[in-house]
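**Student:** when you get a sec, could you give me coordinates for this:
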Amino acid sequence: QVQLIESGGGLVQAGGSLRLSCAASGGTFSSSTMGWLRQAPGKDREFVAGISPNADNTYYADSVKYRSTISRDNTKNTVYLQMNSLKPEDTAVYYCAAGGTVIRAGAKFIYNFHYRGQGTQVTVSS
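**Tutor:** Down below sits the predicted model:
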């Protein structure tokens, strides 16, 4: 049974940084595309970032591109999301996702992950 446990969320002022972590267990982490999704109150869940199994491809939503970096450590079964220059509109629950595909379709991404964690809250104050 695949388990994804997120950590690193919290309250931060606008312009600050956070590093989210996701520890995976119970699956073949090193062969899985991993990603981060987020859902703000009253909004649909959206794709934030993704990374291929050997980290040779990374994907970012336009809303976080140039401010965020996704990375992974396959020796620790952990994926990270470093977020800088945070804005109030980044406030959301952030979910780690695993075992799926990410395809770029113009300005958007089509994604399908088989597993998702419980989420970690990120709140950015203005």
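
**Student:** drop to CA atoms for contacts and neighbour counts, all remaining ones
**Tutor:** Will do.

**Student:** please enumerate the strands of the chain.
**Tutor:** 3-7, 10-13, 18-25, 34-39, 46-51, 58-60, 68-73, 78-83, 92-105, 108-116, 120-125 (DSSP state E).

**Student:** any chance of these in a markdown table, plus mean pLDDT?
**Tutor:** Converted to a markdown table, these look like this (pLDDT from 0 to 100):
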| stretch | mean pLDDT |
| --- | --- |
| strand 3-7 | 97 |
| strand 10-13 | 98 |
| strand 18-25 | 97 |
| strand 34-39 | 97 |
| strand 46-51 | 96 |
| strand 58-60 | 95 |
| strand 68-73 | 98 |
| strand 78-83 | 98 |
| strand 92-105 | 94 |
| strand 108-116 | 93 |
| strand 120-125 | 98 |
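
**Student:** spatially speaking, which residue is in the middle of this protein?
**Tutor:** By Cα atoms, centre = their mean, the chain has its centre lying nearest to Trp36, at 2.0 Å.

**Student:** please verify my assumption that it contacts Ala97.
**Tutor:** Yes. Using Cα atoms under 8 Å, Trp36 is in contact with Ala97, at 5.8 Å.

**Student:** give me the pLDDT for Pro88.
**Tutor:** At Pro88, the predicted lDDT confidence score is 97.

**Student:** cool, Gly26 as well?
**Tutor:** As predicted, Gly26 sits at a pLDDT of 90.

**Student:** ramachandran coordinates for the residue nearest to it when sequence neighbours are not counted?
**Tutor:** Distances taken as Cα to Cα, 6 or more residues apart in numbering place Val2 nearest to Gly26, at 4.4 Å, with adjacent residues excluded. Dihedral angles of Val2 (phi, psi; degrees, to the nearest 10) stand at phi -80, psi 130.

**Student:** number of residues surrounding Val2?
**Tutor:** 15 (other Cα atoms under 10 Å).
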